[in-house]
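In: Here is a sequence together with a model predicted from it:
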Amino acid sequence: WGRSGWGFGELVRGYTPSDPTRYALRGLNLSRQDDGSLLVNALLLFGLEGLDPLELERRRQEAALEAERVVAFLREKDPLLFGTARLAQVAPLLYIRESRHLKALYRLRAEEVLLGKDFPDAVALGAYPLDGQAYFPGETPYLLGTPAPYGVPFRTLVPREVANLLVVSQAAGFDSVAAFSARVVPLQMALGEAAGVAAALLRL
């Protein structure tokens with residue numbers, strides 16, 4: 001696709017992690033940068049404690065060693081594509097796809113996403129596929145389907161037990177499967193704008 005690509009399931013098949021209870025390699029998501037380097041999103045980490053920044057940093061540093069193994073595997077598996085590849089660096093932070101979710105005034109459910117439900121207080125629309133990744137060793141990634149456009153209610157951003165706070169992130173008031181779709185950046189940007197408008201209106 002010029003600057004991006006994804007898939008390569010056959011290519012990564014056969015990778016043996018240093019510890020299969022902590023790591024797995026999924027199909028590659030690739031993004032070519034202006035300087036010719038390639039961003040690769042493919043290494044899954046299991047058993048993270050998403051609220052402990054010290055553990056997250058320790059696990060990120062350990063994952064850098066696993067990433068070196070991945071690059072060596074890719075060089076050997078497909079010398080034509082990756083024969084000269086080397087690991088330049090790893091991301092400064094781990095992407096936590098799933099951890100806790102807010103106890104909000106409303107909890108968006110997977111069936112509402114999949115069936116394209118709208119709400120009277122919807123402040124953004126989503127339509128990204130419900131793509132499940134492996135959260136445990138040996139689990140198979142899966143795709144539940146691509147929803148019709150669905151509304152995200154403002155109530156999913158409002159905590160049930162904390163005043164004067166709006167929460168915008170994949171940890172907002174979504175059930176875990178609804179978050180497969182609602183977590184993506186374009187939708188979160190729209191929710192962030194909605195929260196900003198609400199905060200400004202409340203100050204008037």
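Out: Cool, got the structure. Numbers count the residues shown, from 1 in each chain.
In: CA atoms for contacts and neighbours, from now on please.
Out: Noted.
In: Mind pulling the model confidence for Pro149?
Out: If you check Pro149, the pLDDT there is 95.
In: Quick one: neighbours of it, just the number.
Out: Residues within reach of Pro149, counting by other C-alpha atoms under 10 Å, total 17.
In: quick one: the closest residue to it other than its chain neighbours from Arg59, how far?
Out: Once flanking residues are discounted, Pro149 sits nearest to Ala127: 4.6 Å by C-alpha to C-alpha, 6 or more residues apart in numbering. As defined by C-alpha to C-alpha, to the nearest Å, Ala127 lies at a distance of 32 Å from Arg59.
In: Same question for Asp175.
Out: Look at Asp175 and Arg59: by C-alpha to C-alpha, they are 26 Å apart.
In: Can you list the buried residues in stretch 113-125?
Out: Using 16 or more other C-alpha atoms under 10 Å as the test for burial, stretch 113-125 gives 113-114, 116-118, 122-125.
In: packing partners for the lowest-mean-pLDDT helix or strand in the chain?
Out: In the chain, the helix or strand scored least confidently by mean pLDDT, DSSP states H and E is strand 142-143, which has a mean of 74. Helices and strands in packing contact with strand 142-143 are listed as strand 131-132; criterion 3 or more C-alpha pairs under 8 Å, 6 or more residues apart in numbering; DSSP states H and E.
In: what comes into contact with the strand it packs on?
Out: Contacts of strand 131-132 from elsewhere in the structure, counted by C-alpha atoms under 8 Å, 6 or more residues apart in numbering, are 141-145, 177, 180-181.
In: how about 7 Å then?
Out: 141-144, 180 (C-alpha atoms under 7 Å, 6 or more residues apart in numbering).
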